[in-house]
Each structure stands twice: as C-alpha cells, then as structure tokens.
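Chemist: 3D model of this:
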Amino acid sequence: QISDPRHIFIHGRFNHYQNVNERLKFIKTIIREGMIFLSQEQAVQIWECLAGRAVFLDDREYCFKWFVKLMNTEEQDLDAECIKNFFEKQVMKIEPTLLTNSGMTCFDLFFRNVNMKEGKMNCIRHRLILEDINLIGLDYLWLIVINANEEVAQKAVTLLKILYTNLGPSLQTQQHVINEDFIQH
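Modeler: Model prediction:
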C-alpha cells in the first residue's frame, strides 16, 4: 500500500505534490523565459511520468492542468510540429474513465488545435465551425461520452452538440446525411 503523498517528503523538504508542482513551475519558467518550446520527447516524458503511469491520483490531475496551461496561451509552449502526434499517441491513450474535468479540458484544447490546423474546423468570432466530419479524435470523444463519469461525459456531449450544430457552408448541404450518421454513431 502506498502512503499518503502529502506525507512523503523528497529529501526531507517538500512533500510529493509540492515537489511535482515546483518542478513543473520550473520547467514552465525555463520554457517561457528561454522562449523555447517543449519538445515532443520532453512532453512525452512528463506525460508518461504523471498521467500514463501516475503513482497517485492527483499526479494525473497535475499533468492535465499543466498541459492545459501550455496549450491555453496565444503562444503555445509545446512544439507545434509535435502537437498532433502527441495528441494521438498520448492524450487519446488515457482511459476515458480516468478523465476529470481538467482531463476533458486538456483533450478539448488538443482536439480543437489539431483539427483547426488540419482545416477540419474553424473558429469564427469564438464560434466553432465544422468543416469536415472526419475529425481527428472523434472516436475518442465518443468513448468519453460512453465511458467517462457523468460530468465529464456531459462536457463531451456539449462539444459534440457545438460541432454538429455549427456546420460550415460546404457541409450544410449534407446536413441530413450528417444528422443520420450522427444518430447511427
């Protein structure tokens, strides 16, 4: 049995959560002040350590929140070239039952970023417009709806509703077919 992380002190100074928090703040400061990007290899190491192989429940939560901060700025701190790969190989590999509100926010930010870069959706005046129904991560979004806790699943449903009620001009002529496909899904 693993002890309470608030009572595990690394080098006698900081408990586990303080240690994780301070290290993540330090990495973020280096990224911002050094005006560099977090590479895919570095991002994967952090993700695997805290989310993929979380020792304590809050490790994953710290990870989700930290990546939300990386993605939720005008100048993203994650290397733009690796975002899609990271999304597909890391973010979408987390068991949907393990997602929290922060995890859903993390997924949502990556989902929007990747699909906008691929031209599958646009944001016009803070409104998402669906341009292509073959979204990257759509199957995972459905897994969240089906398997996540009710609060997280509701956020996924809201995202689906936003997407499928805001069709771009090229999809509006196919609305009936898209609605049928959505219902079948």
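Chemist: going forward, measure contacts between C-alpha atoms and count neighbours the same way
Modeler: Fine.
Chemist: burial count for residue 160?
Modeler: Neighbouring residues of residue 160 were enumerated by other CA atoms under 10 Å; the total is 16.
Chemist: can you classify it by secondary structure?
Modeler: helix (DSSP: H, G, I helix; E, B strand; the rest coil).
Chemist: buried set for stretch 34-41?
Modeler: Of all the residues in stretch 34-41, those buried under the rule 16 or more other CA atoms under 10 Å are 37, 38, 39, 40.
Chemist: so the residue nearest to residue 167 when sequence neighbours are not counted versus residue 120, what's the distance?
Modeler: Of all residues not flanking residue 167 in the chain, residue 130 sits nearest, at 4.8 Å (CA to CA, 6 or more residues apart in numbering). For residue 130, the distance to residue 120 equals 6 Å [CA to CA, to the nearest Å].
Chemist: so where's this structure shaky on pLDDT?
Modeler: 1-12, 73-75 (pLDDT under 70).
Chemist: can you list the residue ranges for strands in it?
Modeler: 9-10, 14-15, 121-124, 127-130 (DSSP state E).
Chemist: partner strands of the third one, parallel or antiparallel?
Modeler: Strand 121-124 pairs in its sheet with strand 127-130 (antiparallel), by DSSP bridges.
Chemist: which ones are touching residue 146?
Modeler: residue 153 (CA atoms under 8 Å, 6 or more residues apart in numbering).
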